[in-house]
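**Q** Here is a sequence with its predicted model. Questions after.
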Amino acid sequence: MRFTGSDGDLLTVKDVDRDRIRLLARREVVAVLRRDRRTWVHTVREEFATYYPLAVLMRWLGGDPFVQIGRHAVVNLQAIEHVTHYGDRLYRARLRDRIGTEITASRTGAARLAAVLRTQR
């Protein structure tokens, strides 16, 4: 099965520990983070290391409720446990995943996050 990044696609990821392939739907994704030359797809229970380009995954996620809060971070707004504001345009988002991932928003990402939070009040 080949992932093309279109709306109906399921994302194919490999669970290395159990040597099996998982198919993820958009609604399962909590965050997509780029680090150490890999793209990590976080769900509530697991994290999967992939080689998909972040741009392809962003296109597949398709916007709302996903927002890019950093150059290397896209989060599902519905999966944010809380946001800490600790200065001028400085935000840290804590996710509802197994390990409580915390992501610091970039300046541009903080502006996006603040705009979304203002509209949801």
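**A** That came through fine.

**Q** how about the lowest-mean-pLDDT helix or strand in the chain: buried residues?
**A** None of the helices or strands of the chain scores lower by mean pLDDT, DSSP states H and E than helix 107-119, at a mean of 82. By neighbour count, with 16 or more other Cβ atoms under 10 Å as the criterion, the buried positions of helix 107-119 are 109-110, 112-113, 116. The way it works is simple: take the backbone N, C-alpha and C, and place the C-beta from them, glycine included.

**Q** Next: stretch 55-66.
**A** Neighbour-count burial for stretch 55-66, counted by 16+ other Cβ under 10 Å, picks out 57, 60-61, 66.

**Q** In helices, which of the residues you listed fall?
**A** Of the buried residues of stretch 55-66, the ones assigned to helices by DSSP state H are 57, 60-61.

**Q** which of the residues you listed lies closest to residue 71?
**A** If you rank these by distance to residue 71 using Cβ to Cβ, residue 57 comes first, at 13.9 Å.

**Q** Not counting its neighbours along the chain, what's nearest that closest one?
**A** In space, and not counting its chain neighbours, residue 57 is closest to residue 32: 5.0 Å by Cβ to Cβ, 6 or more residues apart in numbering.

**Q** Looks like that neighbour contacts residue 38 (just checking).
**A** No - look at residue 32 against residue 38 with Cβ atoms under 8 Å: they stay out of range, at 11.1 Å.

**Q** if we can go back for a sec, starting at the chain centroid, how far to the least confident helix or strand of the chain?
**A** 16 Å (Cα atoms, centre = their mean, to the nearest Å).

**Q** residue boundaries of the strands in the protein?
**A** 11-15, 20-24, 31-35, 38-42, 47-50, 66-70, 73-76, 80-85, 91-95, 102-104 (DSSP state E).

**Q** what is the mean pLDDT for the first one?
**A** Strand 11-15 comes out with an average pLDDT of 87.
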